[in-house]
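A.B. asks: Here is my input, please return the structure:
(3 chains)
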Amino acid sequence: MSTTQKFVFFALAATIRLLLIYSEYQKIIADRVEVSTALNSWKKVTEGVYLREAGIDPYTGDLFHESPIGLVVFSYMQKYLSLCMLCGIFVFTDLATAWILGATAYRYTSELIATEQKDIQKRKKESNDEELSTLPSSMSIPASSVTSSALLVPSAYLFNPYVVFNCVGLTTTVFTNFLLSAALYSMINKSRLCSCFTIAVLTLQGLYPITLMVPATIYLARNEEGKNKNFPYGNINKTIAMFIGILIALYYLSYKVSGSWSFLHSTIGFILTVPDLRPNIGLYWYFFTEMFEHFRWLFVASFQINVGLLYVAPLALRFRRDPMLLAFSYLAIAAIFKSYPCLGEVGFYMALLPMWKHLFPHMQQGFIVSCFLLSCTVFAPTVWHLWIYSRSANANFYFGVTLAFAIAQIFLVTDVLFASVKREFSLRHGLSREIHGNTGKLLLE
Amino acid sequence: MRSWVILFTLSTCVLSAFSLEATETGHSNNWAVLVDTSRFWFNYRHVANVLSIYRSVKRLGIPDSQIILMIADDMACNPRNPRPATVFNNAKQHINVYGDDVEVDYRGYEVTVENFVRLLTGRLPPETPRSKKLLTDEGSNILIYLTGHGGDGFLKFQDSEEITSQELGDALEQMWQKRRYHEILFVVDTCQASSMYEKFYSPNILAVASSLVGEDSLSHHVDPAIGVYIIDRYTYYALDFLETVEPSSSKTLSEFLKVCPKRFCISTVGVRKDLFRRDPKNVPVTDFFGSLRPVELTTSTVNVSPVQLNNTNSPKKPVIKYKYVDQFPDLSYV
Amino acid sequence: MRIAVYPKCEKFLTSICEWAKGCLKVIQLQLQSCAKMRTAFAMYFIQALILSAIGDVGFVSCTSDVDDAFNEELMLKPLPSGHVYAHFQFTTLWRTDIETETFQHSRLFPRGLGEIIGRHNVRELHVSLTEGLWRYEKWGYPLQDTGSGAEVYAWFNDDRRIDENWKSLTNALAGLLCASLNFVDVSNSLSPDFTFRPSGAIPRPLNSSCLRYSSLPREIVCTENLTPFKKLLPCDSKKGLATLLNSAYIHNTNYHSIAVDVRPVCTNAACTQTTIELRQTISLVYDTMTTDSQDWSVRKLFGIGLRSACPLATLSRVYVDVTDNETSETYRLVPEPPETLISLRGGQENRIAVYDIKSLSNAGMFNVAAVHSKAKIYGVEIPPVLFANRYVVGYGQERGGLVTKLHNNYWKPLDVVLLENIPWYIPVYTHTIRITCQGKLLKPLIKRYVPGRERERPYYLEMVLRLPPRSVTEFSIELDYLFLKWQEYPPDANHGFYMGPAIITSLLPTARNYTALPQDGSTISSSFNASRDGYLVQLRTEILLVSLPTPDFSMPYNVICLACTAVALAFGPLHNITTKRLVLKPSKKNKLVSYIREKLSKTKVDKIE
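C.D. replies: Okay, here's the model as predicted:
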């Protein structure tokens, strides 16, 4: 990887973003329901800041759902920064996110190679099977992938149209993504304070990233695993205590800043009870529009459990050896099933994919998923226009598109996870799929 | 002294009427629930249907306070109505069924399945005004008349929801268990109307339907000035019959059940008598379409103590100074 | 039962009362003993009979020296646009304190309404039902401003349990007036700080927390509202001006409005005592240009002549505003008015022909007609000092804007209060408020804003603006259209949703085109020669129809199934991956495929054979 190449990439990405921001398309993109949701729209932030300046508690209304700390930060931003500088900050934050992701990918890939080499060595010592000791070399990760993934991940972030739209639409997801990347980077660098702090801030703002504490804890606990064979209770407790401490401090600070606890209803309450039924790329809006009122709470609860609780433990147990993949799966599941998802979040987890370049050969649904994603990206604005503006279509059309988009993402995530399982199998048992000369089949049992 | 005499004669008249009927029928008061479930201008005929029945029961003596009239849309003052504040049930326009003193209790969006079932079963919110309550008791004869668009086993409300025959049957059973009626005459004018009473299982209900299952109920005729069909066949002939009934007339329900034979109605009028304990031949039409005003008088002498007047020396209230306030904010400080 | 007895006819009435009381007592006793007769209807009936008998006697024999009075008035005013404005006002005044009165017994005041007021601790009540829009530009100012649809606002004596009282009050009014006022609740009610001040006499300052205002712009007005309205009158529709209220003629107008206003007013000049004033008004605007001749008469407008005055009325008058006839002399009134008043008010001179029905009615059917001697030529209408328009901008069902235009034709700046009443399903962005006047930004003097909450509270925005002289000020704000749950849409969802009118309050320095009653006046006659420092107008703008995006109402089951399938699609594989182990198994040949293949090859062979 050359520094010039990297520089050119970043410069190009910045140019694209700035050009779009200053074009007439900025407003169109910012108004898209796929880009701006009730949680991240800059227009709502502006309204919240305006109300705060006018001495009205923005949480008494229905439009503002950022955390009080975010409100203070944004109100300073809007007060002291010109529009130009504001746009600059958005672009700069996006580029910084990409850079941090690059650094994360570099670290992750080099660690991955090191562990796998160690594993193979260990296994070589343990078994005398010739086949096993030689086979993985064909599927082992080449050293060059360290630099390539460090370049591919940031470029996947910089040139992902979803992320570009997100930045051009000036959504607060730009900052959320930055914090997410910082969290990933600090957890892989085993910085306890940093990861706990970033995840706590993310939790305060969006609630769902709380699941990232699981991979973070695993990473931080791993530190001593080599030395000490015992389960690192103390370490885990320390991490969790620190996280909870910071979170409580943040909530208390929010309370102090806003003067009352009413913000809880407009932030956490708003995320959990899904009162806003404006369409977005998720599954909630039409589902709860069409829901029978007496079943509403049942389904709200089950959908929230589905996104927040159901998969946490099983995935953590299964992928405890690869916490980054675990973090990726949590992020992806949240981006698909959360109450107000947006394209920026989808773009973020997709940008992480090149880290698992070595899994691609084991994936089966790449073609289907990309076709799905492409057609959804084209159809969503089209059917939206037909429904809302020319009134020749109805809500079902747009729901169909969001449903397809969600299913494509589900295929993508499960495919990646399944590929990881398959690769693990191959590492142990070789690439051959033959049993006593007959072709066998890989099955889950 | 004039009023004394009038009062007495009036009372005795009513008294004799009551004592006669009370022994025969066992009911003490009459109520009517008249429901039009259809919205939109092209359903003008359903409003005309329900108003025709409203006119008849009012003419035969049920007071407005005992008629619950539900109309899902405003036809009389609809911008499309060439003659505002009128609804006609005949192209000759000789009866304005909307009249000059109509009182609609539930109108527009208030006509919902929930409100209808709540009305029947009496489970209304505490702040509901008296005019929207069905304050019946175990001595009440109720006429329930429904009209609208229906199908096999359901009746549509406002083109957006429907009541099923099972729900209706359950509501009536609840009424019976709560002793909210003595007898019910249930009349429904809709397509496949007889499916609406098939699920009834409570006693003392006589049900009449404009058509059998599988049949459509048809409209009678169109008024070119209004531009839509203005009344349904069954109600048209029912009204024809009811116009001949007087409060004192002895026409019986069996005659009412015979209105609109198949050659006029095109559909077959369905009747369900098995839940009804009396023979319709012996039941006067006025048992349901008319009203009883039971009064009892005594002839024994009465001692009345003189009225106590206490308008002398009420305690002096402290003088309060009232004033009018400015209607516009004082802007001198801005 | 309590029967008030008037001193003059005390003896006679006492005897009747005695008899009635005893009678009732006996009936009650009988009722208790007789199981079959437990219903109270008999009692009601008797009670009604007795009361009416007593009432008749009472009214005839003792109308003097009582503490209540009834006035009926009709103002007919030909408008410069060729319309005729008819305004009925029935005023009942009752010398009693609204706070302490129990409303157990009343003479002229409708008891049904009185009980509602007493039970809900109401200090002041204003209800109106209006069809059509008052065109300020063409017609000037009405005697009473009302917004299209139903509008109701009330001042309560205090704010204890006010929301329950308000809900219960509107429900009771819904029953009383046969209107759907029961749809009023906290989610569409406001307590504006400036727009509605108590118009009656108050003993202590009232805070706006004692005020509730709501409007139902969708509400229709028809005969069923007029019927109970007429029943509130002491003479019902049997006698007096109310006989002119025939529904077929009233609902055939360009604008008609029914209003009931109750407030306490000062009884004496020092204002140490209050009188309850019930003002029932009906405003009608007839179009006389579409008929064959421009002539109009009471009989033509209302379909019937006037037979007699209401015997209970102290004042029974018909006024005709003949100001516009003064210069052009295009019509003459038949019969000639016995009296013509000249009213000087705030720089405006009005000539008013007065007919006293009480003195005229002896001569048979009374009918006032305007007979045109030459065709009336309509000139350019001079718009009034202040008027306003409101409309929605933008297209599509996603977002839009709201624009209110305020026209000030006066040569001096005018202070106005603008109240925007925005329902909760149309969220607005206050940071997008722009108030421009002649290209310049205008800053509101005072601004009040309470953001709305979905299903709980509307958006309340009230501003005090100083409009520059001879200017058009434009207020604009951006809004979104909310996506509702499918069961929240009305049956005709695609018809759209209505937004109530904006209210613009101002104290005009001149009474040009102004006809409303002064604050301290109760009858139309009190508005003649009533010069004051300012003339209050409360303009209502147009009501607006917006179409919200709608879901497919037939889809609930499908959507629930499909969305749950998507969740299951994730759950299945993730469950497998996390709970199962990967094993290599000998692959079984697909039986079906091999079977078909076999068959196919066989048929091929057959064919060859």
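A.B. asks: out of everything not next to it in sequence, what's closest to the closest residue to chain C within the stretch 1-150 of chain B?
C.D. replies: Residue nearest to chain C within the stretch 1-150 of chain B (Cβ to the nearest Cβ): B:Pro129, separated by 2.4 Å. Yep, even glycine has a C-beta here, placed from its N, CA and C like the rest. Counting by Cβ to Cβ, 6 or more residues apart in numbering or on different chains, B:Pro129 lies nearest to C:Gly175, which is 2.4 Å off, once chain neighbours are set aside.
A.B. asks: ditto for C:Ser527
C.D. replies: Leaving out its chain neighbours, the residue that sits closest to C:Ser527 by Cβ to Cβ, 6+ apart is C:Leu517, at 4.8 Å.
A.B. asks: What pLDDT does the model give the closest residue to chain A within the stretch 151-300 of chain C?
C.D. replies: Proximity of the stretch 151-300 of chain C to chain A (Cβ to the nearest Cβ) peaks at C:Ser187, 12.1 Å away. For C:Ser187, the pLDDT comes out at 93.
A.B. asks: For chain A, which segments are assigned as strands?
C.D. replies: Ranges of strands within chain A are A:434-435, A:438-444, based on DSSP state E.
A.B. asks: Next: the stretch 151-300 of chain B.
C.D. replies: With DSSP state E, counting those that start in this stretch, the ranges of strands along the stretch 151-300 of chain B come out as B:154-157, B:161-164, B:183-189, B:205-209, B:219-223, B:228-232, B:270-272.
A.B. asks: which residues of chain C fall in helices?
C.D. replies: C:10-33, C:41-61, C:111-119, C:136-139, C:162-177, C:223-231, C:247-250, C:298-302, C:323-328, C:357-360, C:556-579, C:591-608 (DSSP state H).
A.B. asks: hang on, the earlier thing: can you report how many residues lie near the residue nearest to B:Pro129?
C.D. replies: Residues near C:Gly175, counting by other Cβ atoms under 10 Å in any protein chain shown, number 23.
A.B. asks: burial measure for the residue of the stretch 1-150 of chain B closest to chain C, as a count.
C.D. replies: For B:Pro129, using other Cβ under 10 Å, the count is 21.
A.B. asks: circling back: least reliable of the strands of chain A by average pLDDT, please.
C.D. replies: Among the strands of chain A, strand A:434-435 scores lowest, with a mean of 70.
A.B. asks: what helices or strands is it leaning on?
C.D. replies: On a contact count with 3 or more Cβ pairs under 8 Å, 6 or more residues apart in numbering or on different chains; DSSP states H and E, strand A:434-435 meets strand C:582-586.
A.B. asks: buried ones in the strand it packs on?
C.D. replies: For strand C:582-586, burial by neighbour count (16 or more other Cβ atoms under 10 Å in any protein chain shown) applies to C:Leu582, C:Leu584.
A.B. asks: Just list the residues touching whichever residue of the stretch 101-250 of chain A sits closest to chain B, thanks.
C.D. replies: Nearest residue of the stretch 101-250 of chain A to chain B (Cβ to the nearest Cβ) works out as A:Leu207 at 36.0 Å. Contacts for A:Leu207 (Cβ atoms under 8 Å, 6 or more residues apart in numbering or on different chains) come out as A:Thr267, A:Ile268, A:Ile271, A:Leu272, A:Gly308.
A.B. asks: if we can go back for a sec, of all the strands of the stretch 151-300 of chain B, which one comes closest to chain A?
C.D. replies: Among the strands of the stretch 151-300 of chain B, strand B:161-164 comes nearest to chain A, with 12.2 Å by Cβ to the nearest Cβ.
A.B. asks: Contacts (any at all) between chain A and the closest one?
C.D. replies: No - Strand B:161-164 stays clear of chain A (Cβ under 8 Å from any Cβ of the partner chain), getting no nearer than 12.2 Å.
A.B. asks: Would you mind pulling the contact partners of that strand?
C.D. replies: Strand B:161-164 has contacts (Cβ under 8 Å, 6+ apart) with B:Thr112, B:Val113, B:Phe116, B:Val117, B:Gly153, B:Phe154, B:Leu155, B:Lys156, B:Phe157, C:Pro491.
A.B. asks: out of those, which is most surrounded?
C.D. replies: Among those, B:Leu155 has the most neighbours (other Cβ under 10 Å), with 28 neighbours.
A.B. asks: and the gap between A:Thr171 and A:Leu39?
C.D. replies: As judged by Cβ to Cβ, to the nearest Å, A:Thr171 and A:Leu39 stand 9 Å apart.
A.B. asks: Next up, the contacts around the closest residue in space to C:Asp159 that isn't next to it in sequence.
C.D. replies: Using Cβ to Cβ, 6+ apart and skipping the chain neighbours, the partner closest in space to C:Asp159 is C:Ser209 (4.5 Å). Neighbour list for C:Ser209: C:Asp159, C:Ile162, C:Ser191 [criterion: Cβ under 8 Å, 6+ apart].
A.B. asks: one more time with 10 Å, if that's ok
C.D. replies: Each residue near C:Ser209 by Cβ atoms under 10 Å, 6 or more residues apart in numbering or on different chains is listed here: C:Phe156, C:Asp158, C:Asp159, C:Ile162, C:Ser191, C:Asp193.
A.B. asks: Please name the residues that touch the residue lying closest to C:Thr195 once chain neighbours are set aside.
C.D. replies: Distance criterion Cβ to Cβ, 6+ apart; nearest residue to C:Thr195, sequence neighbours excluded, is C:Leu419 at 4.3 Å. The contact partners of C:Leu419, taken as Cβ under 10 Å, 6+ apart, are C:190, C:192-196, C:213, C:448, C:460-463, C:500-505, C:538.
A.B. asks: Kind regards, and thank you for your time.
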